[in-house]
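[1] Dropping a prediction and its sequence here:
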Amino acid sequence: MGFQQSFKALSDPTRREILALLRAGPMAAGDIVAHFHVSGATVSHHLSILKEAGLVLDERRGKYIYYELNMSVVDEILEWFTALKGEG
């Protein structure tokens, strides 16, 4: 996982919207799918890309998979932007 993979994942508006949904906390995959007008397979593909980029974590709870933001990677990206901007 590196910045290149993270930025590629962030380049898609659907994936950015998924990340915005996860700001409120962990969500089941089905609950994420319910927010979009695309197939479950399409959302699953987006979640897979976000997971590969390290932006989300997943956890199986019974028969459901819950996704949440991986704040350590988000913080790393924000620190890079802050350094690039010359602050802090």
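    Done, it's in. Since we're looking at a predicted model, the values are computed, not measured.
[2] the helices in this protein, which residues?
    Counting by DSSP state H, the chain has these helices, from start to end: 3-10, 13-22, 29-33, 40-52, 71-85.
[3] tally of neighbours for Y67?
    Taking other C-beta atoms under 10 Å as the criterion, the count of residues near Y67 is 23. In short, each C-beta sits where N, CA and C put it, glycine included.
[4] when you give positions from now on, start the count at 29
    Shifting the count to begin at 29 puts that one at Y95.
[5] For it, list the residues it contacts.
    Contact criterion C-beta atoms under 8 Å, 6 or more residues apart in numbering gives 46, 50, 54-57, 60, 75, 78-79, 84-86 as the residues in contact with Y95.
[6] Now tabulate those residues in CSV and tack on pLDDT, neighbour count and distance to Y95.
    Output for those, formatted as CSV (pLDDT from 0 to 100; neighbours: other C-beta atoms under 10 Å; distance: C-beta to C-beta, whole Å):
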residue, pLDDT, neighbour count, distance to Y95
I46, 97, 24, 8
L50, 97, 21, 6
P54, 97, 15, 7
M55, 97, 19, 6
A56, 97, 14, 8
A57, 95, 16, 7
I60, 97, 22, 7
L75, 97, 21, 6
L78, 97, 25, 8
K79, 96, 16, 8
V84, 97, 25, 5
L85, 96, 17, 7
D86, 97, 15, 5
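[7] Reformat those as JSON lines; add distance to G68.
    Written out in JSON lines, the entries for those read as follows (distance: C-beta to C-beta, whole Å):
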{"residue": "I46", "distance to G68": "13"}
{"residue": "L50", "distance to G68": "17"}
{"residue": "P54", "distance to G68": "18"}
{"residue": "M55", "distance to G68": "14"}
{"residue": "A56", "distance to G68": "12"}
{"residue": "A57", "distance to G68": "8"}
{"residue": "I60", "distance to G68": "9"}
{"residue": "L75", "distance to G68": "10"}
{"residue": "L78", "distance to G68": "15"}
{"residue": "K79", "distance to G68": "16"}
{"residue": "V84", "distance to G68": "16"}
{"residue": "L85", "distance to G68": "20"}
{"residue": "D86", "distance to G68": "15"}
